[in-house]
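Need the 3D shape of this:
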Amino acid sequence: MTNKISIIGAGLTGLLLALFLEKCGYSVDIFEKRNEDTLTSNSPGRRASLDLTTRGLLALQEVSLLESVISNTTTIKGRTVHINKHDPIEQIYFYKKQQHVYTIDRAILFNILLETIKTQTNIKIHFATIVESFDDKHDIVIRNIATDTTSCIESQFIFAADGAFSTTRMFYENKNLLQISESKFNHQYKEISIPQEFVDTVAMNHFHMWVNQEAIFLLHPNYYSKTFGTLILPESSNYSFAKLISSQNISKFVNDYFPSLHSLNNFFVKDILANPINNLYSISCQPWLIDNKVLLIGDAAYAMLPFLGQGVNCNFEDCLVFYNLLQKYNNDLQQATQEYCEIRKKTADAIVYLSEQNYLEQYQGWHDAKTLLHYKLQRLLEKCFPEFVPYQFLVRFSTIPFDKVSLLRDKQIAIIHSLCEQYKTLDNIDWLEASTMINSWLLLLKTYESKTV
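Reported below is the predicted structural model:
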């Protein structure tokens, strides 16, 4: 039996996973259907900056890449929500202390990982190589695009890191060896290029969100590469992308929905007409492990909505968790894989759920008086009880498992809803009652923190 490990997919997850496996002494082959030039540039729909937060940063630190990555990021200290006819609402990132989100261009992060891979003698990437199928022993059948030749690759173990549209996952679904659950949502998005002169007019250290009814425009300022915003619209509405088909109605849309962004009108027109529509969806599957030989990892196993900015961070945490389990079990792949599936499946299901709930919260009506009251109470409670942080901060800045974060979210929302329903206005809040409720929540938080390694 060969001691080689095969990884399908040379995306961010596949590259980081290879570095962890090499640290454990394995020889790794990575098979990637795209060529290197395609991978080292950003394709349409994937040009907005990536968020790096605690879980992803810890993984990069373990492979000694944290410093080189951080030096290529923009530091984001908070979020500003712009609502028509309302003052902007600012929120500073905080969990135990002030926190930062680090945004980075996807291609820059990829190139840092790729250049590191190239220095490792025990890792080889096979570009322009398609994984066509798996044989009866679950070994990979590949086809080299340049030579149009096929061959079978024997491996001790195979990781499928081939992304949200995983051909490995589809192959085994067709073999009835796993089941897939996919949810498609009612909103679509397009990327909009943003000129630097506009970026300079907003707070560079804040993530910005403009909202009007069901239309949302997101902006991650970026020091190190061109900045792209994300326009999100309902699939069926007066202003869906299907109806924004002329410069005239696009201009009217911008003036009606985002009057403060009128200076970007020409950029909206150009990119809405030219850029592809991207759909919003989440994916989960079961099982992740096929016959103790093939493991789906990262987006290939589960894909979430992007609103919590955790896709790459969860994928990187997957790699770190697997590496730690290999250390725990002295490179016993079978034991490490079994425990990995047990602990990561429930956390994956939880972050997919949390991402969906966050999506619904974004669209439940920023112009609705009840929603704004809940949001303002949350901000006020944060000031009075600094440890009573939004669940989104626990997702981004803690390592508490997502299934526990989900429980904390439910309890937190129940507290805010109860106070709003009972007292109607912020001036009438009974702070003794609020303190009792929040202290109960904080006790649960500390319990989960104490169990987190």
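
Quick check: next helix or strand after the helix or strand that contains Arg169?
For Arg169, the enclosing helix or strand under DSSP states H and E is helix 167-174. Following helix 167-174 in sequence order, the next helix or strand is strand 179-194 (DSSP H and E).

Please, where are all the strands along the stretch 251-400 of the chain?
Using DSSP state E, counting those that start in this stretch, the strands found in the stretch 251-400 of the chain span residues 278-286, 289-290, 294-296, 302-303.

Measure how buried Thr149 is and give me the count.
9 (other CB atoms under 10 Å). No exception for glycine: its C-beta is placed from N, CA and C like everyone else's.

Pairing partners for it in the sheet, please.
Going by DSSP bridges, Thr149 is paired in beta bridges with Asn144.

how far out from the middle of the chain is stretch 341-356?
Put simply, stretch 341-356 sits 13 Å off its chain's centre (CA atoms, centre = their mean, to the nearest Å).

Need the strands of the stretch 251-400 of the chain in JSON lines (columns: distance to Pro221 and mean neighbour count).
Formatted as JSON lines, the strands of the stretch 251-400 of the chain follow (distance: least, CB to CB, whole Å; neighbours: other CB atoms under 10 Å):
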{"stretch": "strand 278-286", "distance to Pro221": "21", "mean neighbour count": "17"}
{"stretch": "strand 289-290", "distance to Pro221": "41", "mean neighbour count": "18"}
{"stretch": "strand 294-296", "distance to Pro221": "35", "mean neighbour count": "24"}
{"stretch": "strand 302-303", "distance to Pro221": "26", "mean neighbour count": "26"}
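
With mean pLDDT as extra columns, can I get those strands in JSON lines?
JSON lines is the format used below for the strands of the stretch 251-400 of the chain (pLDDT from 0 to 100):
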{"stretch": "strand 278-286", "mean pLDDT": "94"}
{"stretch": "strand 289-290", "mean pLDDT": "98"}
{"stretch": "strand 294-296", "mean pLDDT": "98"}
{"stretch": "strand 302-303", "mean pLDDT": "96"}
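
So which of those strands is nearest Leu52?
Nearest to Leu52 among the strands of the stretch 251-400 of the chain is strand 302-303 (18.4 Å), distances taken as CB to CB.

Who are the packing partners of that closest one?
Packing partners of strand 302-303 (3 or more CB pairs under 8 Å, 6 or more residues apart in numbering; DSSP states H and E): strand 278-286, helix 333-362.

still on that earlier bit, adding distance to Tyr172 as columns, could you present the strands of the stretch 251-400 of the chain in CSV?
Shown next, in CSV, are the strands of the stretch 251-400 of the chain (distance: least, CB to CB, whole Å):
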stretch, distance to Tyr172
strand 278-286, 9
strand 289-290, 6
strand 294-296, 7
strand 302-303, 15
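
So for Asn358, which of the ones you listed sits nearest?
Here strand 278-286 is closest among the strands of the stretch 251-400 of the chain (CB to CB), at 11.6 Å.

Just the residues contacting the closest one, thanks.
45, 164, 169, 173, 178-185, 187-190, 232, 296, 299, 301-306, 345, 348-349, 352, 355-356, 359 (CB atoms under 8 Å, 6 or more residues apart in numbering).

Name only those of these that count as buried.
Buried members of these, counted by 16 or more other CB atoms under 10 Å: 164, 169, 178, 185, 187-190, 232, 296, 299, 301-306, 345, 348-349, 352, 355-356, 359.

per-domain residue ranges of this protein.
The record's domain parsing of the chain by automatic domain parsing lists 4-73+103-181+281-359, 184-279, 368-450.

right, so of the ones you listed, which gets closest to Gln91?
domain 368-450 (6.8 Å).

Please state the offset of that closest one from the chain centre?
That offset, for domain 368-450, works out to 23 Å (CA atoms, centre = their mean).
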